[in-house]
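Engineer: With the sequence up front, the predicted model follows.
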Amino acid sequence: MASESPKKNWSINDFEIGKPLGKGKFGRVYLARESKSKYIVALKVIFKEQIEKYRLQHQLKREMAIQTSLRHPHVLRLYGWFHDAERIFLILEYAHGGELYGELRRAGYLSEQQAATYIASLTHALAYCHEKHVIHRDIKPENLLLDHEGRLKIADFGWSVQSTNKRHTMCGTLDYLAPEMVENKAHDYAVDNWTLGVLCYEFLYGVPPFEADSQADTFRRIMKVDLTFPSTPHVSTEAKDLILQLLVKDSAKRLPLDKILKHPWIIMNADPNGSFPE
Ligand code: AMP
């Protein structure tokens, strides 16, 4: 499984199914083991009926094609897929640590070292995706998984898009969206840079920066870049400086990925063992 050799046609008989790992919008995820190699994977089971009901066939195909083509230590591998009459099965890299979201909610907020390590990992992964002309567009804590050593893995390429042109489609979850996305304007790679700023804030303060009671208020706050830093003593000036350089309305003026990796806050705090460059 881990080898790069293109495999035969997989079927459910090739796997021993273990405990359920979670439930998503379109199906369940199970721990599984490939019977021959004993290789542990996560098997995502999606019901065709659901996909057809929401007319998501094309999107799913796109997600699968993109995720299969990406090979990066911080991008969750999709090893392959197969289907039977009712279901589609995705053979995914197993992320033993589960959702980063869970860790964030349990801890309230993360230390600067942990936050910087995750931001550096994400930045490396996004630089790799952008090089391959993939914009993720739906980076949020629920889509970030952790492996057995706590290393971050970007999952769920459902909303990502492979393109060299500016895009127009409205998609994603409001809290993490850049102004040009909520306004449904053309957007490019810099939408992911904005999201890095939102995540950096959420990692350090425990809540996303533009959170509001209604979608309309979140929309207004994003458009105004209505950013305030709570007077919590645990967040350094350098961290706030990085956030301020990412949450910039003009997408061309956001700090580029290579400069994020050279930012003093990242240099001072990120654990080089926790984030692998390409
Ligand atoms: P999803 O359908 O992708 O939203 O997945 C539902 C839940 O299953 C997630 O919230 C995770 O907790 C869990 N999960 C999904 N993929 C994996 C994976 N590759 N490794 C471990 N857990 C996973």
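Structural biologist: Noted; the coordinates are in hand.

Engineer: does Leu145 sit in a helix, a strand or a coil?
Structural biologist: Counting by DSSP: H, G, I helix; E, B strand; the rest coil, the backbone at Leu145 sits in strand.

Engineer: Can you tell me the closest non-neighbouring residue to it?
Structural biologist: Nearest-residue entry for Leu145: Ala95, 3.5 Å, with adjacent residues in sequence omitted and distances by C-beta to C-beta, 6 or more residues apart in numbering. Where you see a C-beta, it was placed from the backbone N, CA and C, and this is true even at glycine.

Engineer: Now do the contacts for that neighbour.
Structural biologist: Ala95 is in contact with Ala42, Leu76, Leu145, Leu146, Asp147, Lys153, Ala155, counting by C-beta atoms under 8 Å, 6 or more residues apart in numbering.

Engineer: ok, those vs the ligand, which is closest?
Structural biologist: Ala42 (3.4 Å; C-beta to the nearest ligand atom).

Engineer: separation between that closest one and Ile17?
Structural biologist: Counting by C-beta to C-beta, to the nearest Å, the gap between Ala42 and Ile17 amounts to 11 Å.

Engineer: any common contacting residues for those two?
Structural biologist: Contact criterion C-beta under 8 Å, 6+ apart; residues shared by Ala42 and Ile17: Tyr30, Leu31, Ala32.

Engineer: any idea which of the residues you listed is the one closest to Tyr205?
Structural biologist: The shortest approach to Tyr205 among the shared contacts of Ala42 and Ile17 belongs to Leu31, at 33.3 Å (C-beta to C-beta).

Engineer: Apart from its neighbours in sequence, what residue is nearest the closest one?
Structural biologist: The shortest distance from Leu31 to any residue other than its chain neighbours is 3.7 Å, reached at Gly18 (C-beta to C-beta, 6+ apart).

Engineer: If I follow the layout properly, the one you found ends up in contact with Val29?
Structural biologist: No: taking contact to mean C-beta atoms under 8 Å, the distance of 10.9 Å between Gly18 and Val29 leaves them out of contact.

Engineer: When those two are compared, which one has more neighbours?
Structural biologist: Each of Gly18 and Val29 has its neighbours counted (other C-beta atoms under 10 Å); Val29 has more, 19 against 15.
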